[in-house]
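K.L.:
Provide a 3D model corresponding to the input given below.
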Amino acid sequence: MISESHLGRTYPPTAPYVVSSAKVAEFAAALGEASNPAYTGPDAVAPPTFAVVLSSAAWGAMFDDPELDLSLSRTVHTDQRFTWRRPLRVGDEVTATLRIDKLRSRGTSAFITIAVELDAAGELLCEATSTLLHTWPEQAA
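P.N.:
A predicted model of the protein is given here:
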C-alpha cells in the first residue's frame, strides 16, 4: 500500500506525444472555443487545460505500480493546477513525467498529490499538479 516511503518516487517519462492541430481543434471545440483564433492556424497553441490529456497519460505508471496498491476505479480526482512556462504549440513533442509529492492517509483513504512535468525537447513547459482521493476496502487498512 502507498506510504510516505513512496514520496518523491518518479516514474519514467511517457512516450512522446506530438501536439497536432487536429487534436487542438477537437479539444477547443469540446470547450466551446472552436472559433478562438489562438487555437487555429499555423501558429496555434493548445488551450491551457489540454495539459490534462498529456499529464493523465503519465498516471498509468503509478496505477500499474504493484507496491502502491492503487486502482483508478477507487480514485476521485479532487483538484488540478497548472503552472505554465509557455503554451503548448502545435508540433511540440511532449513527454510527461510523474512524481508523487504528498500523501495524507486516514483509515482506508488517502489524499495523494502528484506532479507531472510536461517537457518538449528538454524544455519544461508545464507542471500539472493533481490531488487524488483513493480508498481501499476495509480489509486493506
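K.L.:
What is the burial count for the residue lying closest to Arg89 once chain neighbours are set aside?
P.N.:
Using CB to CB, 6 or more residues apart in numbering and skipping residues adjacent in sequence, the residue nearest Arg89 is Val45, 5.4 Å away. Glycine gets a C-beta too; all of them are placed from N, C-alpha and C. As a burial measure, Val45 scores 17 neighbours (other CB atoms under 10 Å).
K.L.:
residues in contact with the residue most central in space within the chain?
P.N.:
Most central residue of the chain, judged by C-alpha distance to the mean C-alpha position with CA atoms, centre = their mean, is Ser55 at 2.4 Å. When contacts are counted by CB atoms under 8 Å, 6 or more residues apart in numbering, Ser55 touches 96, 98, 116, 118, 128, 130.
K.L.:
go on, Ser105?
P.N.:
So Ser105 contacts 2-3 (CB under 8 Å, 6+ apart).
K.L.:
hmm, 10 Å instead?
P.N.:
Taking CB atoms under 10 Å, 6 or more residues apart in numbering, we find Ser105 in contact with 1-4, 111-112, 134, 136, 141.
K.L.:
and the residues you listed, which are buried?
P.N.:
Restricting those to buried positions leaves 2, 111-112, 134, 136, with burial counted as 16 or more other CB atoms under 10 Å.
K.L.:
In terms of helix, strand or coil, where does the nearest residue to Glu4 once chain neighbours are set aside fall?
P.N.:
In space, and not counting its chain neighbours, Glu4 is closest to Leu103: 5.8 Å by CB to CB, 6+ apart. Secondary structure, DSSP: H, G, I helix; E, B strand; the rest coil: Leu103 is strand.
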